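Student: Structure, please.
(one chain, ligands or ions: 3)
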Amino acid sequence: MSALYNSLRTHYFMKFTKPAKSAAGLKGVYYALKIALKTVAPFKTVKILKSLNQKNGIDCPGCAWPDPDHRSKLGEFCENGVKAIAEEAMNANADATFFSKHDIEEMRGKSDYWLGQQGRLTQPMYIQKGDTHYKPITWEKAFELVAKRLNNVAKPDDTVFYTSGRTSNEAAFLYQLFIRMFGTNNLPDCSNMCHESSGVALNHTLGIGKGSVKLEDFYDSELILIFGQNPGTNHPRMLSALETAKKNGAKVVVVNPLKEAGLLNFKNPQQLKGMLGIGEDIADLYLQIKINEDTSLLKIVLKRLLLLSEKNPEIIDKGFIDKKTVGFEAFQKEILAVDESELLERTGLNLEDVDTLVQLLAKRDKIIACWSMGLTQHENGVDNIQELVNLLLLKGSIGKPGAGTCPVRGHSNVQGDRTMGIYEKPSKEFLDTLASTFNFEPPRKEGVDVVEAIKLMHTKNDKVFVALGGNFLSAAPDTPFTAKALENCGLTVHISTKLNRSHLHHGTEGLILPCLGRTDKINERSGEQKLTVENSMGIVHSTRGNIESRSEYLLSEPHIIAQIASKTVGDSKVDWTSLIEDYDRIRDLISKSVAGFEAFNEKLKTDKIFELPNGPRVGKFTTDIGKARFTSNALSAHTVETEELMMMTIRSHDQFNTTIYGLDDRYRGIYGTRTVVLINKEDIQKLGLNTAKTVTLYNDYDGVHREVKGLTLVPYDIPVSCVATYFPECNPLIPLSQTANKSNTPTSKSIKIKIRQEL
Ligand SMILES: Nc1nc2c(c(=O)[nH]1)N[C@H]1C(S)=C(S)[C@@H](COP(=O)(O)OP(=O)(O)OC[C@H]3O[C@@H](n4cnc5c(=O)[nH]c(N)nc54)[C@H](O)[C@@H]3O)O[C@H]1N2
Ligand SMILES: Nc1nc2c(c(=O)[nH]1)N[C@H]1C(S)=C(S)[C@@H](COP(=O)(O)OP(=O)(O)OC[C@H]3O[C@@H](n4cnc5c(=O)[nH]c(N)nc54)[C@H](O)[C@@H]3O)O[C@H]1N2
Ligand SMILES: [Mo]
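Tutor: Ligands and ions are numbered 1, 2, ... in the order given. Next up, the predicted model:
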C-alpha cells in the first residue's frame, strides 16, 4: 500500500502568495487557454469552444450550472470549462503502446496529475492478477467476459454497478434497466458522496429531492444566501448570475470558513468591463464560520426572527405557514428554547454580523438559499439543509419568483442520472413502471450505496464491480481500505475516458473499456447521434460532440452498455442492439418510463429544451402529506480535544474532483503543490509547529491508525481549530465509518485530525 501514499506526494516548485481578492477577469481566460493550448491542437480548441454550451452544441462536461437564455457573444464558458474540455480533448493517447511500456506498480507510484496527462484511453485493455501490464483485448471478448462473469456470480446482489455523474440520460437509462433486469438494485453513484444529504432533506421537507429555483429567479431575488460553496472555482458561471442579481438590487450573504475570491469580487470575462479589470463586489456580508457550525448560526437567526415577529408579525409569513406547512409549533418551541450565547461561541462569529444577517432577512422575502458540499458532507448534513429549509419556510420563500432552494449540483448530469433511475433505493412507482413497460419483475430489495458497496466488496467474495465513469477509488473515503475492496473483486470493469487510480487496483481480472466523451462525435448505423442531460435546475437539453473519434476502437457509453446487456440478459425483452442504431429509440423508451419525459423526441425537436415537473417551484409541496414540513435538527456532535483540529477536504482551482489539471490553486495563492494544510497562525503557535518542515496528519477513528505524510503547513485566514486540505490526497484520513445520518454521505468536510511534525 505504500505506493498508494507515495504517489500522493508530488512537490514541484512550491510558492505561496497572498490569496486573491477577486476572481476571473482576463487572467482567467489567459490561464485556461494556456492549459488548453498546451495539450490540445488550436483548431480543435476553437471548434469545441465555439460549440460549448450553445443551443444544439456541446454541454460542458464540467459543472451542472444552467445556461442563460441569451448566450454571451464572447462564448458561454468559463476558465474551468476550458480546462475540462482540454482534459478530455487532449491530443495525447494512453494507447496499447503506452500500457506495454508502463507496468501497474510503476503507475501506482505516479501522481493523479501524471496519470491524467498520459492522454485518452483508446483501446479495450485486460489484466489478470499476477500480470504486470494491461494488454489489449477485442471488444467481442471483453463483452463476453463481462457477461460470463456476471452470469456466474452466486446471486445478482454479488455485483456492484457504480455511476459517475457525467453519464448522459440515455446511457444512464439503459444501464439501470439492464442492471434491474439482471436482478439487483446495487447502483451506488457519486451522488452518495455529494448531494445525497440534499436529496434526503428536500424530499422529506418539500417532497422532491431537487432544488426549486430557476436561473431567472436569481435576477428577481432580493437576498441570496450562499452556504458552503466555492463558485469561483466550482461553478464559475454562477458568478455571472450573482453579478446580474446584484445589479438588480439583491444582497448576497456568504457563510464559509474561507474567504473565497469569487465570492468577494468578480470580473466578468464575458463583458468588456470585466475584461478591463473592473469587478463587481459579490458578498455584502461574509460570515467566516467554523467548520460544521452552520446549524448553530441558523438556530440563532431563526430565534431572532421569531422574536422580532412578536412585535412585527409581517417579518414571517404566517399565511404561508398556516396554509402550506406542518410542524410550526414544535419548531417554534424548539428554536425559542436555544441558548444563543452558547451557539454563538460555537460559530466563532460576532453578534453584530449575525444581527446584520437577521436584519437583511427581516426586510426581505424573495430569498434564495444556495449550498453545496460545505453543508452536505457532515455527520449532520441532512440537518444542515433542513434547518436552511426551515428558514425559507418561515419567510414563505419557496414557490414564488426570486425565492427558493438551490442545491448547486456537481457533475454535469448527476441530477439527470438520478431522474433516469440511477439510485440504490428506487421508488415503488418507478419499479412498477419498469415492470409493466418491459414485462419483467425488477428486484425490490434496496441496493447498496457507495459506503455499503465498499464494505460488500471487502468481504473477499469475488464480486463483480462495474463503473460507468468516475474514479471510485480516489473519490471514496478510506483509500487503502477501498483499494483492497476493489482488489478483492473477481472482476473490475471501468468504462472510462481517462486513466485513473481505480484502474490500478483491479480484481482477479480487470478490464478498461474506453469510451467516447462529451466532445466526441457519435456515429451509429442511422448516422450521427445526440445525447441529453439535465442541469442543476431541472432543465433537459441535448448535447452533441463535434470532434471525430481519435481511435477506431472507441464506442459510446450507450453502445457499450447495450452490448453488455445483450450478452448478459439476452434480447427477448429489450432489443438492445436495435436501440443503439438510433438513440431516438432509447428516448422513446424513456418517454414511456420516466415522468416528465412524455414525447421526449418531439420536445427536443420543437422546443430544444424543456423543464421537468417540480411541485415546490410552483408552491405545491409533493410530500406524502401534501404540505411542507418544519423540522427539528441536530447540531454537530463534534468536539475537538486539545491538539485536535477539524479538517475539511476541498477542491483546488486546478482540479475536477479526482482529475488534476495542474498543481496551482491560484485564488488561494498556492502554487506548485497540492500536499498542503491550510491552518490558522494561532494553531501553528499553540501546537508549536515549524512551517519550514513537513508534517504528518493522522487520526485513530475506530482504533485504526490513519495518516497522510509529507504535507506543508500554509498559514491561512481560516478559523482557529479548523484546517483545510485537498481531496483526494487526504481521503486516506476519512474513515468509512464516518458518514452523515440518514444520507450515509462520507463526512469529507469534518474529520478530526492531529498533526505531527516530521523530522
Ligand atoms: N472546476 C471544478 N468544478 C467543479 C468540481 C471540481 O472539482 N472542479 N466538482 C464538481 C462537483 S462533483 C461538486 S459536488 C461541486 C463542489 O463544489 P463546492 O461545494 O463548491 O466544492 P468544495 O471545494 O468541496 O467546497 C466546499 C466549500 O465549502 C466550504 N466549507 C467547508 N466546510 C464548511 C462548513 O462546515 N460550512 C460552510 N458554510 N462551508 C464549508 C469550503 O470552504 C469551500 O468553500 O463542484 C462541481 N464543479
Ligand atoms: N474527501 C473528499 N472526497 C470526495 C469529495 C470531497 O469533497 N472530499 N467530493 C465527492 C464528490 S462531491 C463527488 S461527486 C465524487 C466524485 O467521484 P467520481 O465522479 O467517481 O470522480 P471523478 O473524479 O469525477 O471521475 C473522473 C474520471 O471519470 C472518467 N470520465 C470522465 N469523463 C467521462 C465520460 O464522459 N465518460 C466516462 N465513462 N468516464 C468519464 C475519467 O476516467 C476520469 O478519470 O467524489 C467525492 N469524494
Ligand atoms: Mo459532487
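
Student: got a pLDDT number for the closest residue to E441 other than its chain neighbours?
Tutor: Excluding its sequence neighbours, the residue lying closest to E441 (Cβ to Cβ, 6 or more residues apart in numbering) is A435, at 6.0 Å. Using the backbone N, CA and C atoms, a C-beta is placed for each residue, glycine as well. The per-residue pLDDT reported for A435 equals 98.

Student: what sits up against the one helix or strand A435 maps to?
Tutor: A435 belongs to helix 428-438 when elements are defined using DSSP states H and E. Outside helix 428-438, the residues that touch it by Cβ atoms under 8 Å, 6 or more residues apart in numbering are 177, 180-181, 421, 440-442, 444, 573-574, 589, 592-593.

Student: quick one: buried residues of it?
Tutor: 430-431, 433-434, 438 (16 or more other Cβ atoms under 10 Å).

Student: which one of those is nearest E452?
Tutor: E452 has its nearest neighbour among those in L431, at 19.4 Å by Cβ to Cβ.

Student: roughly how far apart are that closest one and G232?
Tutor: The gap separating L431 from G232 is 41 Å, by Cβ to Cβ, to the nearest Å.

Student: and if you look at N256?
Tutor: N256 sits at a distance of 11 Å from G232 (criterion: Cβ to Cβ).

Student: Spell out which residues of this structure are next to ligand 3.
Tutor: Residues of the chain that fall close to ligand 3, judged by Cβ under 5 Å from the ion: 194, 410.

Student: sorry, back to before: so among the contacts of helix 428-438, which ones count as buried?
Tutor: By 16+ other Cβ under 10 Å, the contacts of helix 428-438 give 177, 180-181, 421, 440, 442, 574, 589, 593 as buried.

Student: is it possible to export the residues you listed to TSV including secondary structure?
Tutor: Listed next are the buried ones among the contacts of helix 428-438 as TSV, based on DSSP: H, G, I helix; E, B strand; the rest coil:
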residue	secondary structure
L177	helix
R180	helix
M181	helix
G421	coil
F440	coil
P442	coil
V574	coil
L589	helix
S593	helix
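
Student: List just the nearest of those residues to N265.
Tutor: Distances from N265 to the buried ones among the contacts of helix 428-438, taken by Cβ to Cβ, are shortest for G421, at 42.1 Å.

Student: Who's the closest spatial neighbour of the closest one, skipping the chain neighbours?
Tutor: Nearest to G421 is Q176, by Cβ to Cβ, 6+ apart, at 4.1 Å.

Student: pLDDT at the residue lying closest to D462 once chain neighbours are set aside, what is it?
Tutor: Using Cβ to Cβ, 6+ apart and skipping the chain neighbours, the partner closest in space to D462 is G490 (3.5 Å). Note on G490: pLDDT of 98.

Student: so what's G490 up against?
Tutor: Neighbouring residues of G490 by Cβ under 8 Å, 6+ apart: 149, 153, 462-464, 507-509.

Student: what residues do N256 and G232 have in common as contacts?
Tutor: Residues touching both N256 and G232 (Cβ under 8 Å, 6+ apart): L263.

Student: Which of the two has more residues huddled nearby?
Tutor: G232 (27 against 19; other Cβ atoms under 10 Å).

Student: I'd like the distance from that one to ligand 2, if you could.
Tutor: 16 Å (Cβ to the nearest ligand atom, to the nearest Å).

Student: That residue touches N265, doesn't it?
Tutor: No - G232 is beyond contact range of N265, at 9.5 Å (criterion: Cβ atoms under 8 Å).

Student: Which neighbours do those two have in common?
Tutor: Taking Cβ under 8 Å, 6+ apart as the contact rule, G232 and N265 both touch A23.

Student: With adjacent residues omitted, what lies nearest to C722?
Tutor: Counting by Cβ to Cβ, 6+ apart, C722 lies nearest to I291, which is 4.7 Å off, once chain neighbours are set aside.

Student: what number of residues lie near that neighbour?
Tutor: Counted with other Cβ under 10 Å, I291 comes out at 26.

Student: I'd assumed P719 was in contact with it.
Tutor: Yes - using Cβ under 8 Å, I291 is in contact with P719, at 7.4 Å.

Student: shared neighbours, the two?
Tutor: By Cβ under 8 Å, 6+ apart, the residues touching both I291 and P719 are P257.

Student: top helix in this structure by residue count?
Tutor: The helix that spans the most residues within the chain, counting by DSSP state H, is helix 294-311.

Student: Tell me the buried residues in the next helix or strand after that helix?
Tutor: Next helix or strand after helix 294-311 toward the C-terminus (DSSP H and E): helix 318-324. Neighbour-count burial for helix 318-324 flags 320-321, 324 (criterion: 16+ other Cβ under 10 Å).

Student: Go through those residues and say which is closest to ligand 2.
Tutor: K324 (31.5 Å; Cβ to the nearest ligand atom).

Student: what's the distance between G507 and T479?
Tutor: According to Cβ to Cβ, G507 stands 17 Å off from T479.

Student: From the contact counts, what lies against the top strand by length along the chain?
Tutor: Ranked by residue count, the top strand of the chain under DSSP state E comes out as strand 706-715. Judged by 3 or more Cβ pairs under 8 Å, 6 or more residues apart in numbering; DSSP states H and E, the packing partners of strand 706-715 are strand 676-679, helix 681-686, strand 695-699.

Student: Now that strand: buried residues?
Tutor: 706, 708-715.

Student: what about that strand, near ligand 2?
Tutor: No - taking Cβ under 6 Å from any ligand atom as the criterion, strand 706-715 and ligand 2 are apart, separated by no less than 11.3 Å.

Student: what's in contact with that strand?
Tutor: Taking Cβ under 8 Å, 6+ apart as the rule, strand 706-715 contacts 5, 8-9, 11, 14, 16, 478, 670, 673, 675-681, 684, 689, 691, 694-700, 725, 729-730, 732-733, 735, 758.

Student: and the protein, which residues reach ligand 2?
Tutor: Going by Cβ under 6 Å from any ligand atom, the residues of the chain near ligand 2 are 164-166, 190, 193-194, 373, 377, 410-411, 468-472, 475, 495-498, 500, 515, 517-518, 557, 649, 657-659, 727, 731, 734, 748.

Student: quick one, phi psi at G209?
Tutor: Here is the backbone geometry of G209 (degrees, to the nearest 10): phi -80, psi 10.

Student: ok, back up a step: quick check, nearest of the buried residues of helix 318-324 to D383?
Tutor: Closest to D383, out of all of the buried residues of helix 318-324 and judged by Cβ to Cβ, is I321, at 20.4 Å.

Student: How much space separates the nearest residue to I315 once chain neighbours are set aside from ligand 1?
Tutor: Leaving aside its chain neighbours, I315 sits nearest to S309 (4.4 Å; criterion: Cβ to Cβ, 6+ apart). Using Cβ to the nearest ligand atom, S309 is found at 25 Å from ligand 1.

Student: Now do the SS call for G545.
Tutor: Per three-state DSSP, G545 ends up coil.

Student: Surely it and K521 touch.
Tutor: Yes - counting by Cβ under 8 Å, G545 does reach K521; the two are 5.2 Å apart.
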